[in-house]
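> For reference, the sequence and a predicted model appear below.
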Amino acid sequence: MTTEPGRTILVVGHGMVGQRFLEALADNGVTADARVVVLGEEPRAAYDRVHLTSYFSGTTPDELSMVEEGFIERHGIELLLGDPAERVDRAARTVTTRAGRSFAYDVLVLATGSYPFVPPVPGKDLTGCFVYRTIEDLLAIEAYARTATTGAVVGGGLLGLEAAGALKGLGLTTHIVEFAPRLMPAQVDDGGGAALLRTIENMGLSVHTGVGTQEVTGEGAVDGMLLSDGSRLATDLVVFSAGVRPRDQLARACGLPVGERGGIVVDEHCRTEDPAVFAIGECALTSDGKVYGLVAPGYEMAVTAAEAIAGGLEKSFTGADMSTKLKLLGVDVASFGDAHGATDGSLDVVYTDARSGIYKKLVVSPDGTLLGGVLVGDAEMYGTLRPLTGHIPPIPAEQLVLPAGLGAPVALGPEALPDDAVICSCHNVTKGAVTPLSSLPEVKKCTRAGTGCGSCVKTLEKLLPKTGDGGLCDCFAKTRQELYEIALALRVTSYEALLDDHGRESARGGDGCEICKPAVASILASLGNGHILDGGQAALQDTNDHFLANIQRNGSYSIVPRIPGGEITPEKLIVIGEVARDHGLYTKITGGQRIDLFGARVDQLPQIWAKLVAAGFESGHAYGKSLRTVKSCVGRTWCRYGVQDSVKMAIQLELRYRGLRSPHKLKSAVSGCARECAEAQSKDFGVIATANGWNLYVGGNGGATPRHADLLAQDLSDAELVRLIDRFLMFYIRTADRLERTSVWLERIEGGLKHVEDVVVHDSLGICDELEALMATHVDDYRDEWAETIEDPERLARFVSFVNAPGTPDPTVRFVPERGQIKPELPVLTLEVAAR
Amino acid sequence: MTEMTESETLVEDHSVRVLLDDGWFEVCERTRLIPGRGVAVLLPDGQQAAVFTDRAGRTYAVDNRDPFTGAYVLSRGLLGLTPEGRPYVASPLLKQRFDLETGACLDDDEVAIRAYLTDRSR
Ligand code: SRM
Ligand SMILES: Cc1cc2nc3c(=O)[nH]c(=O)nc-3n(C[C@H](O)[C@H](O)[C@H](O)COP(=O)(O)OP(=O)(O)OC[C@H]3O[C@@H](n4cnc5c(N)ncnc54)[C@H](O)[C@@H]3O)c2cc1C
Ligand code: SF4
Ligand code: FES
């Protein structure tokens, strides 16, 4: 590779692709000896346009910045903002800006992006008409929306839906007007459009498809729109989102060839007809005759052009994957490969569930090769399917589209992918490039994968083994399940014994690590080994379990007393109020039907708990990997619909399983009838009353990856219900991985729900007696951890801020007032490097 | 140090000391330390140290302040040993690990905290 020192590289446009180009120049060492000048039209440096909408959910313009701090200075780049380039003189090799400044160049790179297309309808320039492209556009929309009540978006494509979501988020009654007969016409087919329409209408947005906008009406400011079907739509604000057009004016004006429908013509090295001029990103018409409106192909062009400028011609850009996955208005929409089945002889495999707004279509060739697909409503499989495009999947397409739980095979993991499968399409990184690496930060550093849209991160994580061999951690080559079996069979009761006899050779006799210690502590506790702070166990617990409270960001703790079933007497409520008032704690009703008291210092925990225990409270185990709450609805006692006493059952279950240590937290709920006010189907084990008893659901999850629970058994009596839950929980505790919720476990375990049903309902392994006996031991041995702790001077001695000054409170734990309560006063963060 | 074996040192000394700029500072009885865990110590100048002991009875001391959150909590983290044999503490908040002998952050080359010598470092 050669670099010619002393030349000037002039970049026009500092958008996403322009910035990526600068990074590639720096990577190639070109910035070291060339003068690099960047002219930007916008008042701010490159930012993440893809995540523009997140501004409305609280991301600040600064947080959207794409420019790493110090990057521009470090590479000596001259960045001039707020002054667009207006004229290129190719003969003189100069560019003149609007302000009249002139710059000579040796190499010119056009990265001017696109502009939103506004159809030439009368009234398009009235006050209240907007486009959706820049941070400034969003600021203007936000300001104008304060005085508006209704908004309309012209265009039901990807960006239109995003803009509509933003308007709705701003509190406006929102309409979407789309000329095509379906939403997102470019990405999805009719079936997908129908699923999308249903879901979006359910969110309260009005969709008008198959109609055009004829005129925007109003005197000075917008008051409505006339549509092509003759109808009138009243609206205060209009956002045009009818597609984008490449910004190729500079090139046109200086005589460079542009495409019929726009776009600066470039070759596979992103060079225009003039060898001194390049064009990259959305303004370029690439050698395959396309203008790409996505950021990933733009990035590839940026890298290609930078290499060409650095003297390398190995890399070329000849076309890119148009796959997209988006979360629009909370709906997952993905399309990849040949989504419309344009390939000769291709076949569609379709699954539709209109009720839940799910539509999945895979396009396959007659020999079973996956060609592409469309996923609406449930795009969970996108990460796996996209890289499989061009390959024959190991599981037939018919089964791939079925949702989990409908007889579908255990979800196909990324392990099934070939090495050349592209995992990160933003940075074109293959599975083969990722698997030799060992952690996500390393992957991000070495390959950039995961640093773009972020949609591949989940898949990346699955590809990165915690340790090379599936073992728990660097200390144990065995899995959690194997360790549980060993501890159970050999009656191992200490961590050291397990480590020294069953750990990796290199770890034996050592100190273990922060991964296996709490995991083993949980196993030992599940098997009933007394108080979790007894003997050696104390050293294994995470800080939360160690102090029987939840650590908060400033080092203080929160306290959650158990309130079984969410039922509480006025007296107890008063005690909570008094304790909170006397100790100045912040109180909040939690999402789990109980009350959290925040802001206690370690040394205050025992005094606070002494009062709570005296009033009849016990630990709520909010800190432990153990049963959290059994939520309940009010049930038959009061509710006119109730068919069983859900509160009584919830309390019974909560008292039975309280304190049970498990691989991850356990949540439950009991609803008094099928209306399901307690949301039992989102719980690890959920119970719904029927006229004849109870239905038991398992494997539900809220949180990050929600999963509806599966029905395990129906119309159970009280006793049958409890027996089945005993077995289910103990089987889960025995076989799950560390930090694996029941939902994930149920998907992972071989045979899935069917297998679990065989084991716990039909006793196919003949272990049900043992499972029940283990649970009986737990129930018999349960004692309140806090009641025991405040009775024991030795344990109490640990609850001090300073070992050498037991009476001194930690002065760094401070609070300031907010809304009549307290909040942490956060320390100023400075990362200092200190040497010994 | 004198020519004592490790086990002898354990029996004979009853307190743990940390070397500060102006000499040794006595922290606590060594029975107050649970192997694998730490305690927070208030230093004469108002700073805080986190003091740990491992299974072999060695002690370590580092700054108690977690540089990633600014909270004084490192004493409440769990002690571990890397496969290469470096003892470390994992912050209880965001889990970054710090080498107990050098103070270096094992998860971020740019960050380090102060490490103190103790009278039982070895
Ligand atoms: C306090 C509370 C929020 C609130 O103010 O309402 C809360 C607070 C915390 N949640 Fe939660 N969650 C709370 C209800 C929920 C709920 C709602 C529910 O239970 O109905 C959910 C979704 C339901 C579910 O879990 O399926 C929920 C999903 C999570 C998750 C994601 C779990 C997942 O499987 O994706 C985490 C992270 C984790 O556990 O790894 C989490 C973790 C946490 C932690 C423990 C984070 C931490 O380690 O510091 C928070 C500290 C609690 C504290 O300091 O006291 N919290 N969290 C709620 C306490 C309920 C209670 O009474 O115990
Ligand atoms: C709301 C929204 C959501 C999107 N979501 C996605 C998504 O999920 N996935 C995806 O792949 N893509 C998405 N895109 C598209 C993506 O943002 C673009 O593909 C990408 O920004 C293109 O980068 P670029 O650098 O070519 O253009 P831009 O980022 O538009 O940058 C061009 C810059 O050049 C400046 N400029 C133009 N002319 C001149 C001139 N004469 N002188 C100086 N400066 C000039 C412009 O002001 C602009 O700052 C989205 C776009 C929007 C608006
Ligand atoms: S779930 Fe049924 S019984 Fe319970 S509160 Fe709702 S409607 Fe009433
Ligand atoms: S696919 Fe966008 S960051 Fe990897």
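Received it, and whenever you're ready, just let me know what you need. Ligands and ions are numbered 1, 2, ... in the order given.

> okay, CA-based contacts and neighbour counts for the rest of this
Fine.

> And the strands in the stretch 151-300 of chain A?
For the stretch 151-300 of chain A, the strands defined by DSSP state E, counting those that start in this stretch occupy A:173-178, A:206-209, A:213-217, A:224-227, A:232-234, A:237-240, A:244-246, A:264-265, A:277-279, A:284-285.

> For the third one, name the packing helices and strands.
Applying 3 or more Cα pairs under 8 Å, 6 or more residues apart in numbering or on different chains; DSSP states H and E, one finds that strand A:213-217 contacts strand A:224-227.

> mind checking how far the residue in chain B positioned nearest to ligand 1 is from A:Pro606?
Nearest to ligand 1, among the residues of chain B, is B:Leu93, at 8.2 Å (Cα to the nearest ligand atom). Distance of B:Leu93 to A:Pro606, computed by Cα to Cα, to the nearest Å: 22 Å.

> Helices of the stretch 651-800 of chain A, residue ranges please.
Applying DSSP state H, counting those that start in this stretch to the stretch 651-800 of chain A gives helices spanning A:718-735, A:742-748, A:752-760, A:768-781, A:785-790, A:793-796.

> can you tell me which of those the model trusts least?
Across the helices of the stretch 651-800 of chain A, helix A:793-796 has the smallest mean pLDDT, namely a mean of 88.

> What are the buried residues along that helix?
For helix A:793-796, burial by neighbour count (16 or more other Cα atoms under 10 Å in any protein chain shown) applies to A:Arg795.

> in the chain, what spans have low per-residue confidence?
No chain was given, so I picked chain A. Applying pLDDT under 70 to chain A flags the ranges A:1-5, A:327-328, A:403-413, A:453, A:455, A:465-469, A:529, A:827-836.

> not quite, I wanted chain B
Short version for chain B, where the test is pLDDT under 70: B:1-13, B:120-122.

> Show me the helices in it, by range?
Taking DSSP state H, the helices of chain B run over residues B:6-12.

> how about the nearest residue to the residue in chain B that ligand 3 sits nearest to, chain neighbours excluded?
The nearest approach of chain B to ligand 3 comes at B:Leu93, 38.1 Å away (Cα to the nearest ligand atom). Nearest non-adjacent residue to B:Leu93, counting by Cα to Cα, 6 or more residues apart in numbering or on different chains: A:Arg553, 7.1 Å away.

> Compute the number of surrounding residues for that neighbour.
By the criterion of other Cα atoms under 10 Å in any protein chain shown, A:Arg553 has 16 neighbours.

> need the contact list for it.
A:824, B:69, B:71, B:93 (Cα atoms under 8 Å, 6 or more residues apart in numbering or on different chains).

> about what we covered before: could you export the strands of the stretch 151-300 of chain A to a markdown table, including columns for mean neighbour count?
As requested, those are exported to a markdown table (neighbours: other Cα atoms under 10 Å in any protein chain shown):
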| stretch | mean neighbour count |
| --- | --- |
| strand A:173-178 | 24 |
| strand A:206-209 | 19 |
| strand A:213-217 | 20 |
| strand A:224-227 | 19 |
| strand A:232-234 | 17 |
| strand A:237-240 | 26 |
| strand A:244-246 | 20 |
| strand A:264-265 | 27 |
| strand A:277-279 | 28 |
| strand A:284-285 | 31 |
